[in-house]
Every structure is written in C-alpha cells, then in structure tokens.
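Trainee: Model the following, please.
(chains A and B, ligands or ions: 2)
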Amino acid sequence: MSSINLHFDVPGDDFTRAGEASGSVKKTLKDLGFGHDVVRKAVIALYEAEINLVIHAGGGQIDIEISPECISMVLTDHGPGIPDVALAMQEGYSTAPDNIRSLGFGAGMGLPNIKKYTDEMKIDTKVGEGTTMYLKVFNT
Amino acid sequence: MTVKDIIEKLELSVLVEGDLSREVTGGYCGDLLSWVMGRAQSGDCWLTVMGNVNAVAVCVLADCACIVLAENAALDEDARRRAEMQEVTVLRSGENAYRLAVKLGEIL
Ligand SMILES: Nc1ncnc2c1ncn2[C@@H]1O[C@H](COP(=O)(O)OP(=O)(O)O)[C@@H](O)[C@H]1O
Ligand SMILES: [Mg+2]
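Mentor: Residues are numbered from 1 along each chain as shown, chains lettered A, B, ... in the order given. Ligands and ions are numbered 1, 2, ... in the order given. Model (predicted):
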C-alpha cells in the first residue's frame, strides 16, 4: 500500500457536523485493514482535536496521511492560539463556555486524551495567529 | 452476554437498533464525552443521559457496544438519524444510571 492522503474542512461552531471527519477516517482505516486498537486510538485523538477546532478556533483544516507504518494527522486553524500550552495540557483545564459544557464537552480532558492515544503530539501555536497540531499513531 | 440479552434482562426499550448480537464486555457511566473517550473500553455498555449527536459519535469512536439512556433521557432527532446511519444501538430505561449499573454488574 502506498500512502493515502485525506483532507477535511471543519466548519466552526457546527456541532452536528463535528465527528464527520473522524467517522470517515475510522471507516477508511478499517477498510484498509488496520488493527482495532490502532484505529480506536487514532480516531479518538482526531475527534478530540476536531472538536477543539470547532469549539475553540472557529473551524480549521485536517490533513491526514495514512501509510502502512503510521497514521499522521495535521490540524490547522487560524483561531486565537493557546497562550500557555503546558496549562492547556493539564487534565481539567478548560476555557469552554457553559453552553459547550451542556453538550458534554469542555471537561478539559481533550488534550490529555490526545496525548494518551497518540505516539507523537506536537503543538505549534501563536496567540492571535492560530494553532497547528501534529499527531502520529504508529501501526504496531 | 450480547446487547440483545441486556435488552431483555434490563428491560430496555430499543430506540435505534444496531448490531444486537454484539458482545458486551463491561459497562461505563458518564455524561462528559472526553471522560468517556478517555476511560470507557471497547465493548462497554455506556450508561448516560446524554442523547445528542456527539454522544452517538463518541459511541462509534470509543467502540462501545451500545448507549443506554437512563432516566428516560431524550434522544435528539439528529442524534437518532446519525445513530441509524452509523448503526449504533440506542436503548432507554426509566431507571437511573446507578440502578442500571447495579443490574448490569449482576449479569455480566
Ligand atoms: N485549537 C485550539 N485553539 C485555541 N485554543 C485551544 C485549541 N485547542 C485547545 N485549546 C485550549 O486548550 C484548552 C484545553 O483543551 P482540551 O483539553 O481539549 O479541553 P476542552 O476542549 O474540554 O476545553 C481549551 O479549553 C482551550 O482553552
Ligand atoms: Mg477539547
């Protein structure tokens, strides 16, 4: 298998569409024959990051490269950026407003979950310019 | 123990029927979606009051066996459509998550 590239545009503030990218990637990975655990890790991390694009950044883009060895996911937005990444990574830290919490989000567990389920996680962010997140899950 | 067995033993109503022959290997209670994604296990029966479209997405991604809406919690219309499309089993009970979990623990 050569590598496969997927691209998704994620609209801001549309929670009914959030999860479409992750759902579609799950199907692709299953069809390609990736193992159950690898698929689960990759799509949970992707969904958390996708939801963050919707809640915190007014939408963004997702680019995915799937090779036999690795699922590589890049999420880019032009939102407000993250002023203190170490703080944002802490379990329970969240700036999500109450209306988001009533949907079941905003527990401050998204970035920790991404960390937990990926093999590599890198955040490039600049306040006022946006955030790019690089995620990798290796096919073990 | 399959989803079908659990429907019978816990006397649940079926709102959306997915794979009822799916094996249930455990249970998880919670309404905060990131907690569920971080802690629930594949094959869990998920007890919650969260009946929105995001809960359906979480069930798919976390690979839970089914959603059980406790205390007759509502299933949103777009959540129902998404569940039908993705073949997620959504069940409902008048009992609270604690009582359902106790019963589930007795039979699993
Ligand atoms: N793409 C992003 N753009 C700007 N801020 C972000 C982004 N992703 C995360 N954050 C910040 O990091 C915090 C923690 O994120 P997360 O752990 O996913 O928790 P939650 O989304 O539940 O608030 C968020 O509340 C927000 O302040
Ligand atoms: Mg989040």
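Trainee: near ligand 2, which residues of chain A?
Mentor: Contact residues, chain A versus ligand 2 (CB under 5 Å from the ion): A:52, A:110. No exception for glycine: its C-beta is placed from N, CA and C like everyone else's.
Trainee: what's next to the helix or strand bottoming out on mean pLDDT in chain A, contact-wise?
Mentor: Ranked by mean pLDDT, DSSP states H and E, the weakest helix or strand in chain A is helix A:98-101, scoring a mean of 92. Residues outside helix A:98-101 that contact it (CB atoms under 8 Å, 6 or more residues apart in numbering or on different chains) are A:55, A:106-107.
Trainee: now the closest residue to ligand 2 within chain A: how far from residue A:72?
Mentor: Going by CB to the ion, ligand 2 is nearest to residue A:110 of chain A, at 2.5 Å. Residue A:110 sits 19 Å away from residue A:72 when distances are taken as CB to CB, to the nearest Å.
Trainee: give the contact list for residue 55.
Mentor: As the question left the chain open, I've gone with chain A. Going by CB under 8 Å, 6+ apart, residue A:55 touches A:96, A:100, A:105-106.
Trainee: um, chain B though
Mentor: Per CB under 8 Å, 6+ apart, neighbours of residue B:55: A:104, B:33, B:48, B:67, B:79.
Trainee: quick one: which of those is most hemmed in?
Mentor: residue B:33 (29 neighbours; other CB atoms under 10 Å in any protein chain shown).
Trainee: Quick check: nearest residue in space to it, chain neighbours excluded?
Mentor: residue A:104 (4.2 Å; CB to CB, 6 or more residues apart in numbering or on different chains).
Trainee: Is that neighbour in a helix, a strand, or coil?
Mentor: coil (DSSP: H, G, I helix; E, B strand; the rest coil).
Trainee: The residue of chain A closest to ligand 2 and residue A:51 touch, don't they?
Mentor: Yes: between residue A:110 and residue A:51 there is a contact under CB atoms under 8 Å: 6.5 Å.
Trainee: Phi, psi for residue A:123 please.
Mentor: phi -120, psi 120 (degrees, to the nearest 10).
Trainee: Would you point out which residue of chain B is nearest ligand 1?
Mentor: residue B:34 (5.9 Å; CB to the nearest ligand atom).
Trainee: Model confidence score at that residue, please.
Mentor: Residue B:34 is assigned a predicted lDDT (pLDDT) of 96.
Trainee: and the gap between it and residue A:4?
Mentor: Distance, residue B:34 to residue A:4, using CB to CB: 28 Å.
Trainee: Comparing those two, which residue is more hemmed in?
Mentor: The residue with more neighbours, out of residue B:34 and residue A:4, is residue B:34; 26 against 13, by other CB under 10 Å.
Trainee: which helices and strands sit right next to the helix or strand encompassing that one?
Mentor: Assessed by DSSP states H and E, residue B:34 sits inside helix B:33-39. Using 3 or more CB pairs under 8 Å, 6 or more residues apart in numbering or on different chains; DSSP states H and E as the contact test, the elements touching helix B:33-39 are helix A:36-57, helix A:110-117, helix B:53-62.
Trainee: Contacts only, for residue A:60.
Mentor: Contact analysis of residue A:60 by CB under 8 Å, 6+ apart lists A:10, A:53, A:75-79, A:130.
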